[in-house]
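> Output the structure for:
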Amino acid sequence: MSAKLKTVTLGCKVNQYETEFIREGLSKIGYVDAQQDESADLCIVNTCTVTNEGDSKSRKIIRQLARENPDSRIVVMGCYATRAPEEVVALPNVAEVVTDKRELPDMLGRFGVVDIPTGISGFGNRHRAYVKVQDGCLLRCSYCIIPHVRPELTSRPVQHILDEVDRLVANGYKELVLTGIHIGHYGVDWNMKKPREEWFRLADLVRDIANRPGTFRIRISSIEATEVTKELIAVMAEFPEKITPHLHICLQSGSDSVLRRMRRRWSKKTFINRCKLIHQALDNPSFTTDIIVGFPGETDDEFAETLETVREIGFSKIHTFPFSARRGTPAADMEDQLPKQLKKQRGRELAEVEGELRRDYFTSLLGSELEVLVEAQKKDSQNQLVGTACRYAPIQFTGNPSLIGSLVKVVAQQVENDRIIATLVD
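Presented below is the predicted three-dimensional model:
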């Protein structure tokens with residue numbers, strides 16, 4: 001009888017990739033996913049520590065798994081496990097705490113996996129797959145705990161990535177999302193000792209992936225503004241059929257004074273100019289971003305600057321985070337910590353602006369032909385399909401369910417209920 005496995009992942013795309021890496025490795029020695037009503041022999045929990053809430057959720061899930069799977073071994077990895085291993089090991093049924101993600105191949109070896117995989121070949125029941133290209137962050141933004149728990153910059157070998165891309169495409173995945181802890185630093189660890197003319201960076205990797213055979217598209221996940229280089233923009237323009245015209249560029253604040261307190265590396269002018277450069281090279285690109293509201297000392301005027309900046313750039317989606325003080329970061333000890341109610345109020349104001357900008361951008365797409373990854377049937381209508389456009393807009397159109405999992409072309413017709421209603425191109 002096969003051993004039963006349960007996995008739970010909190011946090012970012014990198015965590016989701018790493019859980020899949022472990023799951024595939026364990027499947028080689030007979031582990032199968034436990035059904036919902038089955039007790040597991042082994043539970044893997046991949047934790048997050050970006051916020052206090054991430055720590056709390058991680059502990060809650062571990063305790064729940066211990067109750068529901070009393071005879072299981074629980075292995076805990078991820079950023080919370082790295083930051084507070086002594087807290088994690090004291091939780092019920094925890095048999096092992098992995099404090100360094102570079103140890104994942106060794107962990108598989110301890111379980112008896114002989115043929116350690118160099119990557120993944122699937123991503124569960126999803127139609128898009130994440131491809132982790134690097135790990136680690138060298139920056140020291142004043143609010144962020146991640147460089148303390150993932151400090152080592154490590155880029156994956158190019159051939160491992162290309163082999164993984166080939167496997168995923170062969171297995172039917174139509175969208176590959178390139179991800180990392182600091183994706184714009186891909187190759188930096190190799191390049192430090194090489195002359196500049198021999199450097200291999202993210203733009204070179206994206207070009208190599210775009211040149212792989214098969215019908216698929218590439219999406220670049222969260223990246224810093226200064227790392228959207230002219231070379232990377234040129235590659236995106238060179239392969240419009242393979243690389244989505246969408247970038248998630250982390251702003252965090254649209255106020256220069258707040259950016260300085262955050263220890264960010266650029267001004268809002270630099271950020272805006274980089275977005276203008278992208279606009280000049282690509283056809284109506286989509287910009288999404290992260291914003292922290294209620295950073296220590298953020299005044300009404302500074303918050304107003306952020307609203308002005310996001311309007312000028314015209315983001316189609318904004319992930320809004322109320323500032324959460326992380327013990328061990330400089331921002332946690334700053335004076336003038338703002339009350340929770342004020343953070344909520346500013347979050348609501350930013351959400352209203354986001355809604356306006358989102359509708360404006362979606363409206364700008366009307367009449368355009370868009371490539372859509374078809375992901376599911378609309379819940380209340382069998383002949384209506386939903387998916388995500390190349391420009392990261394949710395799309396609904398009439399079509400046959402046999403199209404689910406494929407890339408199709410549609411024409412955007414109208415904006416309705418925060419999505420675009422489109423017609424399928426024959």
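
> Can you list phi and psi of the nearest residue to Thr423 once chain neighbours are set aside for me?
What sits nearest to Thr423 in space, not counting adjacent residues and going by Cβ to Cβ, 6 or more residues apart in numbering, is Val411, at 5.3 Å. Backbone N, C-alpha and C define where each C-beta goes, glycine included. Backbone torsions for Val411, taken as degrees, to the nearest 10, come to phi -110, psi 130.

> just so I have it, where are all the helices in the stretch 101-250 of the chain?
In the stretch 101-250 of the chain, the helices defined using DSSP state H, counting those that start in this stretch lie at 104-111, 146-149, 158-170, 188-191, 202-210, 230-238.

> Just give me the neighbour total for the residue nearest to Thr423.
Using other Cβ atoms under 10 Å, the number of residues around Val411 comes to 16.

> Check the one 4 residues further on too.
Val415 sits with 18 neighbouring residues when counted by other Cβ under 10 Å.

> Kindly confirm my reading that it forms part of a strand.
Yes. Val415 forms part of a strand when assessed by DSSP: H, G, I helix; E, B strand; the rest coil.

> so it sits right up against Phe362, yeah?
Yes. Counting by Cβ atoms under 8 Å, Val415 touches Phe362, with 4.6 Å between them.

> Return the set of residues that bridge with the residue nearest to Thr423.
Per DSSP bridges, the residues bridged to Val411 are Glu369, Thr423.

> Apart from its chain neighbours, what residue comes closest to His185?
Leu153 (6.0 Å).

> Count the neighbours of that neighbour for me.
By other Cβ under 10 Å, neighbour count at Leu153 equals 20.

> Low-confidence regions, the protein specifically.
Within the chain, the segments meeting pLDDT under 70 span 1.

> mind checking how far the spatially most central residue of it is from Val133?
Central residue of the chain (Cα atoms, centre = their mean): Lys13, 4.1 Å from the mean position. Noted for Lys13: a distance of 11 Å to Val133, by Cβ to Cβ, to the nearest Å.

> Also Gly367?
Distance from Gly367 to Val133, by Cβ to Cβ: 36 Å.

> rewinding a little: any common contacting residues for Val415 and Phe362?
Applying Cβ atoms under 8 Å, 6 or more residues apart in numbering, one finds that no residue jointly contacts Val415 and Phe362.

> Skipping its backbone neighbours, what lies nearest Thr288 in space?
Leaving aside its sequence neighbours, Thr288 sits nearest to Lys317 (Cβ to Cβ, 6+ apart; 4.2 Å).

> Pop out the phi and psi values for that neighbour.
phi -160, psi 140.

> what's near enough to touch it?
Thr288, Thr289, Glu354, Arg358, Tyr392.

> If we use 7 Å, what do you get?
By Cβ atoms under 7 Å, 6 or more residues apart in numbering, the contact set of Lys317 is Thr288, Glu354, Arg358, Tyr392.

> Once you drop chain neighbours, what's closest to Thr270?
Closest to Thr270 by Cβ to Cβ, 6+ apart is Ala225, at 6.6 Å.

> got the buried residues for stretch 240-253?
Lys242, Ile243, Thr244, Pro245, His246, Leu247, His248, Ile249, Cys250, Leu251, Gln252, Ser253 (16 or more other Cβ atoms under 10 Å).

> which of those residues lies closest to Leu342?
Ser253 (15.2 Å; Cβ to Cβ).

> related to what we said a few turns ago, now the helices of the stretch 101-250 of the chain in a markdown table, please, with extra columns for mean neighbour count.
Listed next are those as a markdown table, based on neighbours: other Cβ atoms under 10 Å:
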| stretch | mean neighbour count |
| --- | --- |
| helix 104-111 | 15 |
| helix 146-149 | 19 |
| helix 158-170 | 17 |
| helix 188-191 | 16 |
| helix 202-210 | 21 |
| helix 230-238 | 17 |
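
> would you turn these into CSV with distance to Tyr80?
Below are these laid out as CSV (distance: least, Cβ to Cβ, whole Å):
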stretch, distance to Tyr80
helix 104-111, 16
helix 146-149, 8
helix 158-170, 27
helix 188-191, 25
helix 202-210, 28
helix 230-238, 32
